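Visitor: Provided below for reference: sequence and predicted model.
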Amino acid sequence: MARIAETVAEVLREDGLRVDALPARSVGSVASYDAVVVGGALYAGRWHKDARRFVRRHRAELAERPVWFFSSGPLDASASERNIPPVPGVERAMTRLDVREHVTFGGCLEEGAQGRVAGMILRSGKGGDFRDFIAIAAWAAGVAASLRP
């Protein structure tokens, strides 16, 4: 998840935008930002709790600026093959905040991942890295283009 966020931030910086890529739980306010991109890893059909809490905690400020969402999660090539709609909780937040766009990118689960569920997935042979950094950069370039004056 962090590497996807850093890739998005890098593309936005290359376009001349001032960008901070921060873990959702560490953000105290979004008041100083003109726009916000929020990403969340998918677990069992839900966004990671830190992303959900971030959106709830900053709802009023987010509603006052352009916002984009991305999700990361499928542990297969499906995100590269077709558009995967947002999970229901993300879709509700998108409607409330008038989010400009959502995209789902493939996820990454490799040896050494922590947690019981991660271990079960890896033992079943379903892990791997399914992130498409060309698609991530292209999406970020579209975000940057829409922020140009």
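Guide: Looks like it arrived, so ask away. Residues are numbered from 1 along each chain as shown.
Visitor: for the helix or strand containing residue 80, which positions count as buried?
Guide: Here residue 80 is covered by helix 78-81, with elements defined by DSSP states H and E. By 16 or more other CB atoms under 10 Å, the buried positions in helix 78-81 come out as residue 79. For glycine as for every other residue, the C-beta is placed from the backbone atoms N, C-alpha and C.
Visitor: Now do it: distance to the chain's middle.
Guide: With CA atoms, centre = their mean, to the nearest Å as the basis, helix 78-81 stands 16 Å off its chain's centre.
Visitor: again with stretch 42-59
Guide: 10 Å.
Visitor: ok, residue 87 touching residue 44?
Guide: No: look at residue 87 against residue 44 with CB atoms under 8 Å: they stay out of range, at 9.7 Å.
Visitor: The two: who's more crowded?
Guide: residue 87 (18 against 7; other CB atoms under 10 Å).
Visitor: Check what pLDDT the more buried one gets.
Guide: pLDDT for residue 87: 96.
Visitor: going on from the helix holding residue 80, what's the next piece of helix or strand?
Guide: Moving toward the C-terminus from helix 78-81, the first helix or strand encountered (DSSP H and E) is helix 88-97.
Visitor: Quick check: buried residues in that following helix?
Guide: In helix 88-97, the ones that count as buried by 16+ other CB under 10 Å are 90, 93-94, 97.
Visitor: and if you look at stretch 116-124?
Guide: 118, 121-122.
Visitor: Just checking the distance from that stretch to the centre of its chain.
Guide: Relative to its chain's centre, stretch 116-124 lies at 23 Å (CA atoms, centre = their mean).
Visitor: average pLDDT across that stretch?
Guide: The average pLDDT within stretch 116-124 is 76.
Visitor: cool, and stretch 42-51?
Guide: Rounded mean pLDDT across stretch 42-51 is 92.
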